[in-house]
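Asker: Take a look and give me a structure for this.
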Amino acid sequence: MSNQPFLYLAPIRGITDCLFRNLFQHHFGGFDQAVAPFINPQPHSPFDSRQLRDLQPEANKNLPVVPQFLHSEPAGLLSLAQRLHDLGYTHINWNLGCPAPMVTRKRRGSGLLPYPDAIISLLDQILPKLPMQLSIKTRLGLNHPDELATLLPRLNDYPLKEIIIHSRLGKQLYRGTTDPESFSHCLELSRHPLVYNGDITDSETWIRLQGQFPTVQRWMIGRGVLADPFLARTIKGKLFGDEQRAAMLLAFHRDLYAGYRKSLAGPSHLLGRMKQIWFYLAASFPGQQKMWKKIKKATTEEQYLAAVDTLFHTSSATTAKRSPE
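Answerer: Numbering: from 1, shown residues only. Model (predicted):
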């Protein structure tokens, strides 16, 4: 049995699509599986290939992926599950964690956590008919940790693969601190394998959490690895020198930009997507806030590429100065 932790790449809507997932794994590695961003519920939809483009098996060869649904009604969910099963998927994840107000207002995502009877009712309706394993990704609650604490014992008799817990409340969005103590209470309440998620931003944090939760074998990392793409490999014991890191970041950006340039509709979509990624990736270039601002202000591909080239050149020059002769 391997002593290596099992690492999930978290679903981050608007960023971790199949192109990003594949290129990230190709250039940096470290992840064992990804959970895809949730599929929007579509009433009476056959979920054709266009709607499931991000999950086509031929587009997800570098990193195994788990589809995720946001449904709160059984018919649409079962229709989607059958379509995914036809594509070869054997595991699907239910998003009970999304904190976005436009989602929670519809009693979806973490907005369903205050209504445990509704969650249990849906499980009762779908599990006898579901053609694959089911896991749940959730938060500690929408408004209070008691919400998940109340739900977990009721889930114990259901055949769930695992429960991924982001140790925040939905109302926090991504603000404030995580609550590992409440996660610890969840371990006492649940008989299912639990996956820890939330603010694993460096290897020191992961080591501390691993010591706090020695029975946890699986971990999910999202924003932390967008800011430091080497984090998953670092956790697994692989270290990179400054020059190697700079070269790997440059190659990843080159391939990602080229891929999105082909797949997205026009420069505004392309620049918008790349700026979303740079919102996190800029943390890998400390002391370069001026160039990050130029990237944010770029309105043409020429301006954007010039700013990025300068950022990489300046970063490489700084690395060369501090590297030993």
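Asker: Tell me where the stretch 101-250 of the chain has strands.
Answerer: Residue ranges of the strands in the stretch 101-250 of the chain, as given by DSSP state E, counting those that start in this stretch, are 133-141, 160-169, 194-197, 218-221.
Asker: how distant is the second one from the center of its chain?
Answerer: If I follow you right, that is strand 160-169. 13 Å (CA atoms, centre = their mean, to the nearest Å).
Asker: same question for it, mean pLDDT?
Answerer: Averaging pLDDT along strand 160-169 gives 98.
Asker: next one: stretch 88-101
Answerer: Mean pLDDT, computed over stretch 88-101, is 97.
Asker: next one: stretch 282-291
Answerer: Stretch 282-291 shows a mean pLDDT of 91.
Asker: What of stretch 113-128?
Answerer: The average pLDDT for stretch 113-128 rounds to 98.
Asker: do stretch 192-207 as well
Answerer: The model assigns stretch 192-207 a mean pLDDT of 97.
Asker: Tabulate the CA atom coordinates of that stretch in CSV.
Answerer: The C-alpha trace of stretch 192-207 is given here as CSV (Å, rounded to 0.1, in the frame of the first residue of the first chain):
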residue,chain,number,x,y,z
HIS,A,192,-18.0,7.1,5.5
PRO,A,193,-14.5,7.9,4.3
LEU,A,194,-14.1,11.7,4.6
VAL,A,195,-12.0,13.9,2.4
TYR,A,196,-10.6,17.2,3.8
ASN,A,197,-10.9,20.3,1.6
GLY,A,198,-10.2,24.0,2.4
ASP,A,199,-7.2,26.3,2.4
ILE,A,200,-4.5,23.8,1.9
THR,A,201,-2.2,26.5,0.5
ASP,A,202,1.3,25.1,1.3
SER,A,203,2.9,21.8,2.3
GLU,A,204,3.3,23.0,5.9
THR,A,205,-0.4,23.4,6.2
TRP,A,206,-1.0,19.9,4.8
ILE,A,207,1.6,18.4,7.1
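Asker: one step back: go through the strands of the stretch 101-250 of the chain and name the closest to S315.
Answerer: Among those, the nearest to S315 by CB to CB is strand 218-221 (23.4 Å). All C-beta spots, glycine's among them, are computed from the backbone N, C-alpha and C.
Asker: Could you list every helix and strand in contact with that closest one?
Answerer: Under the contact definition 3 or more CB pairs under 8 Å, 6 or more residues apart in numbering; DSSP states H and E, strand 218-221 sits against strand 6-9, strand 160-169, strand 194-197.
Asker: any chance of the strands of the stretch 101-250 of the chain in TSV, plus mean neighbour count and distance to K262?
Answerer: TSV is the format used below for the strands of the stretch 101-250 of the chain (neighbours: other CB atoms under 10 Å; distance: least, CB to CB, whole Å):
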stretch	mean neighbour count	distance to K262
strand 133-141	23	31
strand 160-169	22	32
strand 194-197	24	32
strand 218-221	22	28
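Asker: among those strands, which is nearest H27?
Answerer: Closest to H27 of these, according to CB to CB: strand 218-221, at 16.1 Å.
Asker: The closest one pairs with which strands, and in what direction?
Answerer: Sheet pairing here is set by DSSP bridges, and for strand 218-221 it gives strand 6-9 (parallel), strand 194-197 (parallel).
Asker: can you list those in JSON lines and add distance to R273?
Answerer: Putting the strands paired with strand 218-221 into JSON lines (distance: least, CB to CB, whole Å) gives the following:
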{"stretch": "strand 6-9", "distance to R273": "17"}
{"stretch": "strand 194-197", "distance to R273": "24"}
